[in-house]
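Engineer: sequence first, predicted model second:
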Amino acid sequence: MMKYARSTSAAFTWSPEGRCRGVLLMRDARGCHVSARWGADTEHKTADLAEALAAGRKALNCAEAMFCVAGPTNGGWGMAELEMPELKQEELRNALAFELRKRTPLPPDRLVWGYRVLEHAASKEERMKVRLFYVKRDSWRQWMAVARGLAHVDLIAPAPVLLDPLAEGQAVVVPGGKISFRYLPSEHGREEMRTSANDAQGNPLDYDQLFPMPGFTPGVLEELSIAERQEYLPAVILGIYALSTEIGTDVGTLPPVEEDMRPKRYLFMQAMAGILLLVVIGFLLIGGVKAVQARMARLSLIAKDIQQARTQYAALQRQIPVNAKEASQALEEEIARFHFESPDLPEALSEVTRLVKAPAWVGSFEWKGDPSASDSTVNILLREPVGNQENTNLVTRLSNSPVLGDVKEIQANQTRNNMMERRFVMTARGDTPEESVIAKEAAEEERRLEQQRKEEERAAKAKAEAEERERRLNAQQQEENEDGEEETQTRKVPIPGRTDAADGPPLPPGM
């Protein structure tokens with residue numbers, strides 16, 4: 001996609017027949033158009049062409065800061081569409097020099113050549129698209145001599161070389177007098193073929209068929225005939241290209257113009273860059289000097305404070321009694337002998353394992369710090385079934401440990417397999433005297449609660465066993481009662497003369 005960087009540009013072309021053409025391009029929100037044109041027909045001699053271009057630049061009133069591109073409309077040059085691996089600039093130039101030997105029978109010292117990167121590789125597996133441009137050294141010198149009439153020019157190249165992304169994906173016909181060429185888009189770049197700039201009836205084709213560029217209008221070229229407009233098309237292509245961002249990159253890869261022909265704005269930009277660099281260095285030096293001065297002043301104040309403190313300390317030493325001095329020295333020796341033993345990694349790991357109750361377990365144990373360092377940070381990941389109540393007060397138990405402190409539960413979430421994951425962070429350190437008292441009281445309270453819980457469990461178990469025995473005795477007694485009733489019914493004797501519905505009809509006498 002074409003990207004624009006400026007709003008005005010100028011472009012000039014010349015032909016072997018001596019036709020010189022120039023345009024001034026302007027770009028606004030609606031697109032770009034030709035705001036001014038110039039044309040002259042002269043002799044085909046180099047001096048005449050250069051003189052004509054000088055008059056053309058003056059006629060178009062081209063400012064020196066304006067980007068200017070020039071190029072011939074005749075042949076004598078060539079280009080090749082290549083696909084190369086993604087390489088650095090120096091490596092790519094060496095590879096293209098090798099490709100150049102295969103494209104032309106002329107030795108490299110008789111050629112002037114350059115290239116344009118049309119598309120970079122999107123991945124290591126893909127390749128970059130490169131357009132190689134070359135011309136005979138004698139022809140290049142002649143081009144330079146003609147373009148010298150413009151005084152300052154950014155780039156010299158034929159219009160077809162500068163296609164893409166200009167008119168990307170569009171077939172472009174570049175008129176060249178007797179012979180015109182059609183440049184067709186393809187998978188590898190552009191394919192060149194001879195064609196005509198006229199239709200089947202011999203009528204000249206207009207811009208919409210030769211150069212279908214969205215957003216471009218001929219502007220002042222509308223007042224010319226179609227055939228005359230065709231002569232300005234190469235200059236129009238160069239001018240639109242000069243408006244784009246592509247020229248900023250291609251100036252470094254296409255053949256450069258001579259030093260004295262380059263626009264002065266580059267020298268101005270280099271001078272400005274140098275001035276800015278000097279200004280930055282100056283500010284850094286000033287800032288460095290001020291920082292050193294401030295540091296020296298600060299060190300002087302610190303030295304004065306130290307000297308004042310020493311004086312006050314010596315005065316206080318003289319006021320302390322001898323016995324107090326001996327006591328102070330003994331206290332200093334005692335403090336020097338004191339060494340606080342902090343828990344190490346195995347001790348902390350053993351303590352965490354002891355305090356975590358089943359069915360939970362420690363999934364990960366992370367020790368941040370040297371294994372033998374004091375006040376190291378411990379991170380643990382606890383896994384337990386959902387609904388487990390054995391570790392609800394784990395934070396309290398860990399905090400009351402003599403080797404752990406500053407315990408926090410920082411995360412708790414349920415996993416897909418119906419498990420809870422709880423993450424804790426703590427410090428491996430010894431308890432302070434106040435924490436030791438609190439931990440001791442908490443341990444006694446925990447033992448009391450544990451003993452009470454066990455007694456309640458034993459009482460509940462004894463009650464359940466008693467109820468079970470009573471239920472069994474009641475069941476056994478009921479079973480025995482039922483067996484007694486069955487035995488009584490079995491031994492039952494019928495009484496004569498008594499009719500029972502269950503015994504059937506009464507027996508006759510004597511039976």
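Structural biologist: Arrived safely. These figures come from a predicted structure and were not determined experimentally.
Engineer: alpha carbons only for contacts and neighbour counts from here, please
Structural biologist: Fine.
Engineer: counting neighbours, what do you get for residue 345?
Structural biologist: Residues near residue 345, counting by other Cα atoms under 10 Å, number 21.
Engineer: what's the pLDDT at it?
Structural biologist: We have a pLDDT of 87 for residue 345.
Engineer: phi first, then psi, for it.
Structural biologist: Main-chain dihedrals, residue 345, degrees, to the nearest 10: phi -60, psi -50.
Engineer: one more: residue 453?
Structural biologist: Here is the backbone geometry of residue 453 (degrees, to the nearest 10): phi -60, psi -40.
Engineer: swap in residue 420?
Structural biologist: phi -100, psi 140.
Engineer: tell me who's in contact with the closest residue in space to it that isn't next to it in sequence.
Structural biologist: Counting by Cα to Cα, 6 or more residues apart in numbering, residue 414 is the residue found nearest to residue 420 once chain neighbours are left out, at 4.5 Å. Residue 414 sits next to 386, 420, 421 when contact means Cα atoms under 8 Å, 6 or more residues apart in numbering.
Engineer: from residue 112, how far out is the closest residue to the last one other than its chain neighbours?
Structural biologist: Once flanking residues are discounted, residue 421 sits nearest to residue 383: 4.7 Å by Cα to Cα, 6+ apart. Here residue 383 is placed at a distance of 74 Å from residue 112 (Cα to Cα, to the nearest Å).
Engineer: swap in residue 432?
Structural biologist: Shown here: residue 432 relative to residue 112, a distance of 84 Å by Cα to Cα.
Engineer: over to residue 205?
Structural biologist: On the measure of Cα to Cα, residue 205 and residue 112 end up 34 Å apart.
Engineer: just residue 84 next, same as before
Structural biologist: Distance from residue 84 to residue 112, by Cα to Cα: 21 Å.
Engineer: now the helices for the stretch 401-511 of the chain?
Structural biologist: 433-490 (DSSP state H, counting those that start in this stretch).
Engineer: now swap in the chain and tell me
Structural biologist: Under the criterion DSSP state H, helices of the chain are mapped to 46-60, 89-103, 137-147, 207-210, 226-243, 246-250, 264-319, 322-337, 345-355, 394-399, 433-490.
Engineer: lowest mean pLDDT across the ones you listed, which one is that?
Structural biologist: Among the helices of the chain, helix 322-337 scores lowest, at a mean of 66.
Engineer: that older thread, looking at residue 432 and residue 112, which is more packed in?
Structural biologist: residue 112 (19 against 11).
Engineer: hey, what's the more buried one bridged with?
Structural biologist: Beta-bridge pairing for residue 112 (DSSP bridges): residue 135.
Engineer: could you tell me the model confidence score at it?
Structural biologist: Per-residue confidence (pLDDT) for residue 112: 96.
Engineer: in contact with it, which residues?
Structural biologist: Residue 112 makes contact with 134, 135, 136, 137, 140, 255 under the criterion Cα under 8 Å, 6+ apart.
Engineer: adding distance to residue 407, write those out as JSON lines.
Structural biologist: Formatted as JSON lines, the contacts of residue 112 follow (distance: Cα to Cα, whole Å):
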{"residue": "134", "distance to residue 407": "75"}
{"residue": "135", "distance to residue 407": "79"}
{"residue": "136", "distance to residue 407": "81"}
{"residue": "137", "distance to residue 407": "81"}
{"residue": "140", "distance to residue 407": "81"}
{"residue": "255", "distance to residue 407": "71"}
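Engineer: specify which member of these is nearest to residue 277.
Structural biologist: When the contacts of residue 112 are compared for distance to residue 277 (Cα to Cα), residue 255 wins out at 29.6 Å.
Engineer: check the gap between the nearest residue to that closest one once chain neighbours are set aside and residue 86 for me.
Structural biologist: Nearest non-adjacent residue to residue 255, counting by Cα to Cα, 6+ apart: residue 114, 5.3 Å away. Residue 114 sits at a distance of 17 Å from residue 86 (criterion: Cα to Cα).
Engineer: before we move on, what about residue 483?
Structural biologist: Taking Cα to Cα, one finds residue 483 at 103 Å from residue 86.
Engineer: between those two, which one's more packed in?
Structural biologist: Shown here are residue 483 and residue 86; by other Cα under 10 Å, residue 86 has more neighbours (18 against 11).
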